[in-house]
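*Asks:* curious how this folds, go ahead:
(one chain, ligands or ions: 1)
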Amino acid sequence: MYITPMRLVEFIQEAGQRLQLLENDDHWDQTLNDAIISPYAHQIRTLFSLIICTCFPLNPIDLWIKCKDYMCDDILYQIRNRMGNLNIQISKEIYNEALIPIEDICLIMSNKLLIQVGLTAPNRPMHDAFNKEVHREKLYDLNTLKELIQTNLPLLNEQKKYVFDTLMKVTNDETGGIYFLDALGGTGKTFLISLILAKLRSQNKIALTLTSSGIAATLLEGGRTAHSALKLPLNMQSNKTPTCNISKNSAMAKVLQQCQLIVWDECTMAYKKSLEALNKTLKDLRSNHNRFGGTMVLLAGDF
Ligand SMILES: Nc1ncnc2c1ncn2[C@@H]1O[C@H](COP(=O)(O)OP(=O)(O)OP(=O)(O)O)[C@@H](O)[C@H]1O
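*Replies:* Next up, the predicted model:
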């Protein structure tokens, strides 16, 4: 019979506990049980960090499982507030959010990572994605969006209503594709796009707004220049096959993987290769060989 070193350690620990030669984790359990009466989740996280990195409990994972919901309370509350959705429940992303400050405290206290004290390592790329970019794209006030839809939707004429309905339908179908919104300047393209964006965002979907110029970016809610959002290379002309400088684990990659619609306003001003770069990057990030990786793209401008 072969006993792995890990199993041997478990045997020795178990035997030590049965013979009462080793302490078990009851007192840490009790300490944390007393602490969870506190309404402040960050205090429970600090105590938990202190216990796992300086008191060497036998089974830190057990302690984490028993208290993790209490340690995520404030994070869940903030996320519900930010998204205006009280139905959001605790998820593995939220647990990961709590593990990050716990590991930070352990590093300050004992210069140890969670993996070194017997807990699972937090997923830092997931944390980045979860925190920054995805939230930024979902950070819209639902009441303001609903008000805007209620006021502006009845103002659309028949043609614009048709465009609105078509885009809503194809975006909800999630089949992907490209649409061009071509109209003369001042005829209401920005007005219509704002409405499409508001409708999708009010449904808690991600709709990314790219523009070719900084000025155009200020006209649309959440607008960003394509160069900044997509990390396009500056040497576009000399680069034969440019791609967006976005790695699969990055925060922006998560947004591009999840977004339902990408609007590129004033796209007639964009260099052709920047659209090719977006096409290539989306195919790669979404592991989908269809055009723009199967994402719905709306190119708007005065063609
Ligand atoms: N259906 C509508 N009802 C009321 N006002 C509208 C409507 N459509 C557009 N407008 C108003 O007309 C003006 C011009 O519209 P908008 O900026 O959307 O045009 P545009 O096609 O995007 O122009 P440009 O191409 O120059 O950016 C704005 O003040 C907008 O609020």
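
*Asks:* how many residues are close by the residue of the stretch 201-303 of the chain found nearest the ligand?
*Replies:* Nearest to the ligand in the stretch 201-303 of the chain, going by Cβ to the nearest ligand atom, is D302, at a distance of 5.6 Å. C-beta coordinates here come from the backbone N, C-alpha and C atoms, glycine included. Neighbours of D302 under the rule other Cβ atoms under 10 Å: 13.

*Asks:* before we move on, what about N111?
*Replies:* Neighbours of N111 under the rule other Cβ under 10 Å: 9.

*Asks:* ok, K205 next?
*Replies:* By other Cβ under 10 Å, 17 other residues sit near K205.

*Asks:* and what of N235?
*Replies:* When neighbours are defined as other Cβ under 10 Å, N235 has 8 of them.

*Asks:* circling back to that earlier point, my guess is the residue of the stretch 201-303 of the chain closest to the ligand contacts G185. True?
*Replies:* Yes - using Cβ atoms under 8 Å, D302 is in contact with G185, at 5.4 Å.

*Asks:* tell me where the model's unsure across this structure.
*Replies:* Applying pLDDT under 70 to the chain flags the ranges 1-10, 12-13, 16-23, 125-132, 249.

*Asks:* pull up the residues of it that are close to the ligand.
*Replies:* Residues of the chain found near the ligand (Cβ under 6 Å from any ligand atom) are L155, L156, A183, G185, G186, T187, G188, K189, T190, F191, D302.

*Asks:* filter the residues you listed down to the buried ones.
*Replies:* Buried by 16 or more other Cβ atoms under 10 Å: L156, A183, G188, K189, T190, out of these.

*Asks:* next, the contact list for the residue nearest to the last one when sequence neighbours are not counted, please.
*Replies:* So that's T190. Leaving aside its chain neighbours, T190 sits nearest to L219 (5.3 Å; criterion: Cβ to Cβ, 6 or more residues apart in numbering). The contact partners of L219, by Cβ atoms under 8 Å, 6 or more residues apart in numbering, come to T190, T211, D265.

*Asks:* next step: those residues restricted to strands.
*Replies:* Taking DSSP state E as the definition of strands, the contacts of L219 contribute T211, D265.

*Asks:* which single one of the contacts of L219 is nearest to Y40?
*Replies:* Closest approach to Y40 among the contacts of L219 (Cβ to Cβ): T211, at 42.6 Å.

*Asks:* surely that closest one meets E266?
*Replies:* Yes - look at T211 against E266 with Cβ under 8 Å: they come within range, at 5.6 Å.
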